[in-house]
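**Student:** Okay, here's the prediction I keep looking at, along with the sequence it came from:
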Amino acid sequence: MNRFANFCAGPASMPTAVLERAQAELLDWQGLGASVMEISHRSADYIEIAQKAEANLRKLMGISDDYAVLFLQGGASLQFSAIPLNLGGGVVDYLDTGTWSNKAIKEALRYEALGLGQVNVVAKGDGKDVPSIDTWQLSDKADYFHYCPNETIHGVQIFDTPKVDAPIVADFSSCILSEPINVNDFGMIYAGAQKNIGPAGITIVIVRKDLLGKASPWCPAVMNYQNQLDSDSMLNTPATYAWYLSGLVFEWLLEQGGVEAINKLNRQKAQALYQAIDDSDFYRNDVNPQHRSIMNVPFFLADSKLDKLFLEESKKAGLLSLKGHRAVGGMRASIYNAVTLDQVLALVDFMNDFEKQHG
C-alpha cells in the first residue's frame, strides 16, 4: 500500500487509522457476520452506532440539549434550499463572500420569486477579503442571518462569529471540527461531511430546537428539520455507511485530543505553507492575511505557463489534487484535519525545489 498526500478539496483525505479500522470491520462488524452497510438502520446494532456518533459529536463541539443534531443527505447544497423553507418566510439576510455563499443566496432567491420571503444581501466580498461589518446593510427583523465561515474555492475565512441580532445560520462545510467554536452563538450550523467529517453522502445539521416546527407548508417532508428530529434522522433510509465512518472519525478526533488539539496542528500546517508562499517571489496568495483560510490555501505561480509542469511533477512526488478550482485557477492545497504536518512540509519542500529549478 502506498498512500500519497491528498490535498483534494473534497471528497477529501480521511485519517489512515479510520480507513484501516473500517477495512478490518468491512466484512464482519463486531462478530455480527455482516457488514455495517448490510444491516438495517432500524436494528439495535445500527441505532447504537448512530447514537454513539451523535454523542461524540456533541462532546467534540460542546453541543447542548437545546440543539438537535441531524444526520441528513443531499450535501450542504440541499440545505441551501431547506433553510429558507424551515427558518424563513419573512426577510432573510445573507453575506456573500464567495462561491458557496453565493449559491446559497441563489437558492433563497428562488423562494423570493414565488413570494415566499425576501432576500437581503447585506454585503458582497471580492474573493480576497471580507467586507467590514460596518458596511453591512442588515435588516431590522431578519428571520436569520446566513454566512459561510470558510469559502473553499477562494480560501477566505471569517474567524470571529458576526455580531448580529438575527439567529445565525452558518455553512461550516470546510471548517467544521477544525477549530473550537461556541455553538450557542448560532441558530444553525450545517456541513457536508466530505471534508473534515467523513465520506460524501451525509450532511450534519445542528439546529436550535426553538427554531423548529415553523416550516413552510411547501417544505417537502424529508427536508423538514422537525420531521427529521422526530424520526431520529431516519425519516427515510439514511446513508448508513457514511454515518458509521463519520462516527469513526469522531472517535479518532477524540483520541487526538479533541478540536483544541487538532486546531493547534492545523495552524502549524497553515503557517508553514503560507510562510513558504510569502517568503517567495515565485508564489503568491491574494487573500487578505487576516482572512486567510487555515483549511484551503490557494496559490499562484508567477509564471502560469509552469502550472501544468507543477501539477505533473507534484503528482510524481506523491502530492495529489493541487489544481486550483476552475473558477480561480492556479493551485490549491486543502489541508483538512486528516492531512498531516509531515505531508504539508513535504509540499513545502517540493515547492522550494520547484522554484529553484524553474524560478
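**Tutor:** In hand now; what should we look at?

**Student:** Measure how buried Ala276 is and give me the count.
**Tutor:** 22 (other C-beta atoms under 10 Å). From N, CA and C alone the C-beta is placed, and that goes for glycine too.

**Student:** name the helices or strands packed onto the helix or strand that contains Tyr241?
**Tutor:** Assigned by DSSP states H and E, Tyr241 belongs to helix 240-255. If contacts are counted by 3 or more C-beta pairs under 8 Å, 6 or more residues apart in numbering; DSSP states H and E, helix 240-255 sits against helix 16-25, helix 44-61.

**Student:** what angle separates the last one from helix 240-255?
**Tutor:** Direction vectors for helix 44-61 and helix 240-255, defined by axes from the mean of the first three to the mean of the last three C-alpha atoms, to 10 degrees, enclose an angle of 40 degrees.

**Student:** Can you pull out the residues in contact with the very next helix or strand once past helix 44-61?
**Tutor:** Next helix or strand after helix 44-61 toward the C-terminus (DSSP H and E): strand 67-72. Outside strand 67-72, the residues within contact range by C-beta atoms under 8 Å, 6 or more residues apart in numbering are 50, 53-54, 57-58, 63, 78-79, 183, 202-209, 212, 225, 228-229, 233, 238-239, 243, 246.

**Student:** Please indicate which of those residues are buried?
**Tutor:** Neighbour counting by 16 or more other C-beta atoms under 10 Å classes 50, 53-54, 57-58, 63, 78-79, 183, 202-208, 212, 225, 228-229, 233, 238-239, 243, 246 among the contacts of strand 67-72 as buried.

**Student:** Could you report the pLDDT at Met1?
**Tutor:** Per-residue confidence (pLDDT) for Met1: 57.

**Student:** oh sorry, the question was meant for Val287
**Tutor:** The predicted local confidence for Val287 is 97.

**Student:** Tell me if it really is in a helix.
**Tutor:** No: counting by DSSP: H, G, I helix; E, B strand; the rest coil, Val287 is not part of a helix but coil.

**Student:** most tightly surrounded among the helices and strands packed on helix 240-255?
**Tutor:** helix 44-61 (a mean of 17; mean count of other C-beta atoms under 10 Å).

**Student:** pLDDT averaged over that one - what is it?
**Tutor:** Helix 44-61 comes out at a mean pLDDT of 98.

**Student:** Over to stretch 121-138?
**Tutor:** For stretch 121-138, mean pLDDT is 96.

**Student:** Please, where are all the strands along this protein?
**Tutor:** Per DSSP state E, the chain carries strands over the ranges 5-6, 67-72, 91-96, 118-124, 145-147, 150-151, 156-157, 168-171, 188-192, 203-208, 283-284, 296-301, 319-320, 331-334.

**Student:** what's the most buried one of those?
**Tutor:** strand 150-151 (a mean of 28).

**Student:** Quick check: can you name the pairing partners of it and their directions?
**Tutor:** According to DSSP bridges, strand 150-151 forms sheet pairs with strand 156-157 (antiparallel).

**Student:** now stretch 330-338, how far from the centre of its chain.
**Tutor:** Centre-to-centre, stretch 330-338 and its host chain are 12 Å apart (C-alpha atoms, centre = their mean, to the nearest Å).

**Student:** if I read this right, Val339 contacts Asn6, doesn't it?
**Tutor:** Yes: with contacts defined as C-beta atoms under 8 Å, Val339 counts as touching Asn6 at a distance of 7.2 Å.

**Student:** any common contacting residues for the two?
**Tutor:** Common neighbours of Val339 and Asn6 (criterion: C-beta under 8 Å, 6+ apart): Ser13.

**Student:** just to revisit the earlier point, can you redo the strands of the chain as a markdown table with distance to Asp45?
**Tutor:** As requested, the strands of the chain are exported to a markdown table (distance: least, C-beta to C-beta, whole Å):
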| stretch | distance to Asp45 |
| --- | --- |
| strand 5-6 | 32 |
| strand 67-72 | 17 |
| strand 91-96 | 41 |
| strand 118-124 | 44 |
| strand 145-147 | 38 |
| strand 150-151 | 36 |
| strand 156-157 | 39 |
| strand 168-171 | 33 |
| strand 188-192 | 26 |
| strand 203-208 | 22 |
| strand 283-284 | 50 |
| strand 296-301 | 37 |
| strand 319-320 | 36 |
| strand 331-334 | 34 |
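
**Student:** Mind checking those strands for the one nearest to Gln268?
**Tutor:** strand 296-301 (13.3 Å; C-beta to C-beta).

**Student:** Just the residues contacting that closest one, thanks.
**Tutor:** Outside strand 296-301, the residues that touch it by C-beta under 8 Å, 6+ apart are 9, 150-155, 174, 270, 273-274, 277, 282-287, 307, 310, 324-325, 328-335.

**Student:** same thing but 6 Å
**Tutor:** 152, 155, 273, 277, 283-285, 324, 330-334 (C-beta atoms under 6 Å, 6 or more residues apart in numbering).

**Student:** partners of it in the sheet?
**Tutor:** In the sheet, strand 296-301 lines up with strand 283-284 (antiparallel), strand 331-334 (antiparallel) (DSSP bridges).

**Student:** Would you mind putting those into a markdown table with distance to Tyr67 alongside?
**Tutor:** Below are those laid out as a markdown table (distance: least, C-beta to C-beta, whole Å):
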| stretch | distance to Tyr67 |
| --- | --- |
| strand 283-284 | 41 |
| strand 331-334 | 28 |
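
**Student:** So which of those is nearest Pro84?
**Tutor:** Closest to Pro84 of those is strand 331-334 (C-beta to C-beta; 28.7 Å).
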